[in-house]
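Q: Here is a sequence together with a model predicted from it:
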Protein chains: 4
Amino acid sequence: MTQFSGISAVLLNCSLVHDSKDSHTRKLLNRVRGIMTTEGVDVELIHMLDHQIGFGMVPDTTALGDDTDDWPGIQAKIMAADILVIGTPIWLGVKSSLATLAIERMYANSGDRNEHGQYLYYGKTGGCVVTGNEDGVKACSMEVLYAMSHIGYVVPPQADCGWLGEVGPGPSYGDVVEGEDVPAGYDSDFTNKNTTIMSWNLMHTAKMLRDGGGFPVGGNVADSWRDYTNAEQQDPDAD
Amino acid sequence: MTQFSGISAVLLNCSLVHDSKDSHTRKLLNRVRGIMTTEGVDVELIHMLDHQIGFGMVPDTTALGDDTDDWPGIQAKIMAADILVIGTPIWLGVKSSLATLAIERMYANSGDRNEHGQYLYYGKTGGCVVTGNEDGVKACSMEVLYAMSHIGYVVPPQADCGWLGEVGPGPSYGDVVEGEDVPAGYDSDFTNKNTTIMSWNLMHTAKMLRDGGGFPVGGNVADSWRDYTNAEQQDPDAD
Amino acid sequence: MTQFSGISAVLLNCSLVHDSKDSHTRKLLNRVRGIMTTEGVDVELIHMLDHQIGFGMVPDTTALGDDTDDWPGIQAKIMAADILVIGTPIWLGVKSSLATLAIERMYANSGDRNEHGQYLYYGKTGGCVVTGNEDGVKACSMEVLYAMSHIGYVVPPQADCGWLGEVGPGPSYGDVVEGEDVPAGYDSDFTNKNTTIMSWNLMHTAKMLRDGGGFPVGGNVADSWRDYTNAEQQDPDAD
Amino acid sequence: MTQFSGISAVLLNCSLVHDSKDSHTRKLLNRVRGIMTTEGVDVELIHMLDHQIGFGMVPDTTALGDDTDDWPGIQAKIMAADILVIGTPIWLGVKSSLATLAIERMYANSGDRNEHGQYLYYGKTGGCVVTGNEDGVKACSMEVLYAMSHIGYVVPPQADCGWLGEVGPGPSYGDVVEGEDVPAGYDSDFTNKNTTIMSWNLMHTAKMLRDGGGFPVGGNVADSWRDYTNAEQQDPDAD
């Protein structure tokens, strides 16, 4: 029994690598999984490309004529979890098409409400893991974390982590490099420290939200914002 | 005495308009100020251009030879406040030079530690107010909120709000438009709802953090991350 | 016979709408197509979702085990065209997953060389069409145009155009709105002017490149940059 | 007499370092300067912080009450030059406040027209040099190049270059590192190759535009777009 027992997390790997075990992003997500599992969190790591995910701004793309759509099952797992970590590789400086797709599909459900009338993802917390050859951890994290916050997630301090190789082409995270004792990035103090801090901050925030019965209610429910002190009542031209 | 008594906020207006009363962004910040003040929060609205702020990645640019630098005084107010809201106009789709400058100056202090050894801004929460003619609220918010999270702020759900005119040139927020009953944007339900939700979410989060004695400590202190379950100990090649 | 005879263009619609005729982005792309066709350009409009496109950083994802991959056919059309216009809707402020996917797939071919030894897309020019409810034309264009430039396209002046509805939910481009004479956005002078300028600038640039036999060769070939005046020879510490 | 005689360039260093000779970004700009000067281009390197630049969306901020504003002199040099290269350091993943300021000030003049009635910066070409400790070359370039294109510059292929240190804190470009033969980054093939290619592509494009008497006129003049085949005339609902 640990302080984080009862907390659950989904780690969503949006790598473009078909076989999950070859994904570099997975290797860093594994370290997040290890920390959280050790601390008592119930973690599931999902590899997007193990699933058939449809395109479209609907909860289930079979409604648009697709033969199959595995997103509703993933969405159910995300909804059941306190924590969501999106893992993405970097291509041309930005997050992957699969990371964009995952966010689109979550967004397509975001109009729904939780039991308090808040947007669906209120009460949850999110983070981001990024790996790339040389450039773009912050650019990717910016887009991913903003999307999460926008639909209801709490973003803790230092909610992202990642690894980058030296500028220019080179090994990816976990690649075996001739003449090096450990695979690329495994011994990066910077990456290991940030990965640790992100993991702990997500667990702390999830526990805070869990202990408080979700994100506090009041003034943040779309149907009743006028019942609270609100913007419409305030003088924009005040001194 | 309200639930938010004892909470304090700084609203930092990074408008390029010299006379604060002419700033469109200020008008929307005023509504945030109104909500928070009504709810018992102690609010200070600062107009960056009322001050002489130096360029440079140091706490005080007089150390670089500037005759004067008003940033240390603003920094002290930011440090004393539970909440920071950065207000920015949009130019060419991105945040203003003054918003970028404010973030640079805050970042120049971010290596310092709070009393728990966490980065300096831990225990605080932040949001973003954006106004523009036509395009860019989300792009600006993304950069501002990411910077805040990166240096220690908690970003609550829906932590940004803003107003945009129709595509193309046109009135700014609060401009008097011939033939219209109210100044541009004042009656936008969308903007008023989001401004209300952001304000409340910042107050709720500030209170949560205040009640908890800051952001929880453990695994997120740069000097002791190896004393906790950490990334270095985990197997990146786990199945 | 017009000044632009012999020029060809691909317009790639990365809408998430399955049936191309329902795509709002297509409606604005149609106007680009109309201008270019009238001026003698040979135009093909491709709807990404009419095709089965695989994920992965390879030219053909059947090599990764996919049953089918329609990208190689699209890639061949892009390679044969002087102009590429990427059309994308906006979701949560950013370009669509399909736009990201198209760029990834183009990037996966970018290491190849043209007949001069330059990167593959040298000699071509590109632009961007964006439609959305309320916010994000510039943010999407920024990513799309940067990616194009990075792999070899020339980006002309004002190479993007788009339409946005008023802030908040509302009609998309081309939606019939009760009480309005024309569908949303069809009569926007701003959008029509920018769409016209982008279309002409792409045609002018394509013709310039065509007339010059491609983008000038010299100093920009990866295999021979050291044979030209180059960075390595210059003193970074010069006064 | 070289093929690029008569071409001129401004390199604008938006470093936050007060003394220009200590700027890391300047060191890489110096290499661009060296290439261009060798090839016969007339180059001026301007260090923003050697000047007093005002904030505000006007051509001259003394009109807003500032005692002095050095921007008009810089603007005149930019207008006289065929090529503009903006150099910026990276802070928190984005371009510097001074880079943002330079773009704002250029944008404040962008409504003016050239002798053909085109926007002011038509006929010019632009690029971007970025240096940082670890992350963000592409994110910075994206914003800078987009702004340039938006106001009339042609963006050539591979119009940006930069250097990044390894992930995490570390030396900046040109720092002397104990145990290393050359200052950090000076021997990076990747950076040297890209810097060379960018420099040549800017010179080639400037010459193309110069030889053509500017960017071609037709369909891209704000006052006469309706006199050309235009978007308004096209059917958005075409099959």
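A: Great, that's in hand.
Q: Can you get me a residue count around residue A:18?
A: Residues lying near residue A:18 (other C-beta atoms under 10 Å in any protein chain shown) number 18. For every residue, glycine as well, the C-beta is placed using N, CA and C.
Q: Which other helices and strands does the longest helix along chain A contact?
A: Scanning chain A for the helix with the most residues, using DSSP state H, yields helix A:189-211. Judged by 3 or more C-beta pairs under 8 Å, 6 or more residues apart in numbering or on different chains; DSSP states H and E, helix A:189-211 is in contact with helix A:24-38, strand A:83-91, strand A:125-132, strand A:160-164.
Q: quick one, strands of chain A?
A: A:8-13, A:42-47, A:83-91, A:94-95, A:125-132, A:160-164 (DSSP state E).
Q: Just put the ones you listed in a markdown table and tack on mean neighbour count.
A: Below are these laid out as a markdown table (neighbours: other C-beta atoms under 10 Å in any protein chain shown):
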| stretch | mean neighbour count |
| --- | --- |
| strand A:8-13 | 24 |
| strand A:42-47 | 19 |
| strand A:83-91 | 28 |
| strand A:94-95 | 28 |
| strand A:125-132 | 29 |
| strand A:160-164 | 28 |
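Q: Select, out of the ones you listed, the one closest to residue D:141.
A: strand A:94-95 (12.4 Å; C-beta to C-beta).
Q: what about that closest one, distance to the chain center?
A: Distance, stretch centre to chain centre, for strand A:94-95: 14 Å (C-alpha atoms, centre = their mean, to the nearest Å).
Q: Is chain B within reach of that strand?
A: No - judged by C-beta under 8 Å from any C-beta of the partner chain, strand A:94-95 makes no contact with chain B; its nearest approach is 12.2 Å.
Q: name the helices or strands packed onto that strand?
A: helix A:137-151.
Q: Report the outermost residue of chain A with respect to its centre.
A: residue A:239 (41.4 Å; C-alpha atoms, centre = their mean).
Q: What's the local residue count around the closest residue in space to that residue that isn't next to it in sequence?
A: Taking C-beta to C-beta, 6 or more residues apart in numbering or on different chains, and ignoring the residues beside it in sequence, residue A:239 has residue B:21 as its nearest neighbour in space, at 7.6 Å. Neighbourhood size, residue B:21 [other C-beta under 10 Å]: 11.
Q: returning to that earlier point: now the helices and strands packed on helix A:189-211 in a markdown table, with mean pLDDT and distance to residue D:215?
A: Listed next are those as a markdown table, based on pLDDT from 0 to 100; distance: least, C-beta to C-beta, whole Å:
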| stretch | mean pLDDT | distance to residue D:215 |
| --- | --- | --- |
| helix A:24-38 | 98 | 43 |
| strand A:83-91 | 98 | 32 |
| strand A:125-132 | 98 | 36 |
| strand A:160-164 | 97 | 37 |
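Q: Go through these and name the closest to chain D.
A: Nearest to chain D among the helices and strands packed on helix A:189-211 is strand A:160-164 (4.4 Å), distances taken as C-beta to the nearest C-beta.
Q: So what touches the closest one?
A: Contacts with strand A:160-164, where a contact means C-beta atoms under 8 Å, 6 or more residues apart in numbering or on different chains, come from A:28, A:32, A:127-138, A:140-141, A:144-145, A:173, A:185, A:188, A:191, A:194-195, A:197-198, B:149-150, D:134-135, D:164, D:166-167.
Q: Compute the distance between the residue farthest from the centre of chain A and chain D, please.
A: Residue A:239 is 20 Å from chain D, where distance means C-beta to the nearest C-beta, to the nearest Å.
Q: my read: residue A:224 touches residue A:118, true?
A: No - counting by C-beta atoms under 8 Å, residue A:224 does not reach residue A:118; the two are 10.4 Å apart.
Q: quick one: which of those two has more around it?
A: residue A:118 (24 against 13).
Q: Within range of chain D, give me the residues from chain A.
A: Taking C-beta under 8 Å from any C-beta as the measure of proximity, chain A contacts chain D at A:92-94, A:134-139, A:142, A:162-169, A:185, A:188-191.
Q: List buried members of the residues you listed by neighbour count.
A: For those, a neighbour count by 16 or more other C-beta atoms under 10 Å in any protein chain shown gives the buried set as A:92-94, A:134-139, A:142, A:162-168, A:185, A:188, A:190-191.
Q: circling back to that earlier point, turn the strands of chain A into CSV, including distance to residue B:111.
A: Shown next, in CSV, are the strands of chain A (distance: least, C-beta to C-beta, whole Å):
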stretch, distance to residue B:111
strand A:8-13, 30
strand A:42-47, 32
strand A:83-91, 26
strand A:94-95, 28
strand A:125-132, 22
strand A:160-164, 18
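Q: Give the residue spans of chain A that score low on pLDDT.
A: Applying pLDDT under 70 to chain A flags residues A:1.
Q: So which bits of it are right by chain C?
A: So chain A meets chain C at A:16-18, A:49, A:55-57, A:64-65, A:91-98, A:100-101, A:103-104, A:107, A:143, A:146-147, A:150-151 (C-beta under 8 Å from any C-beta).
Q: bridging residues for the nearest residue to residue A:26 once chain neighbours are set aside?
A: Nearest residue to residue A:26 in three dimensions, chain neighbours excluded: residue A:13, at 5.3 Å (C-beta to C-beta, 6+ apart). Beta-bridge pairing for residue A:13 (DSSP bridges): residue A:47, residue A:87.
Q: What's the separation between residue A:13 and chain D?
A: In terms of C-beta to the nearest C-beta, residue A:13 sits 20 Å off from chain D.
Q: Kindly report the same for residue A:197.
A: Between residue A:197 and chain D the distance, using C-beta to the nearest C-beta, works out to 13 Å.
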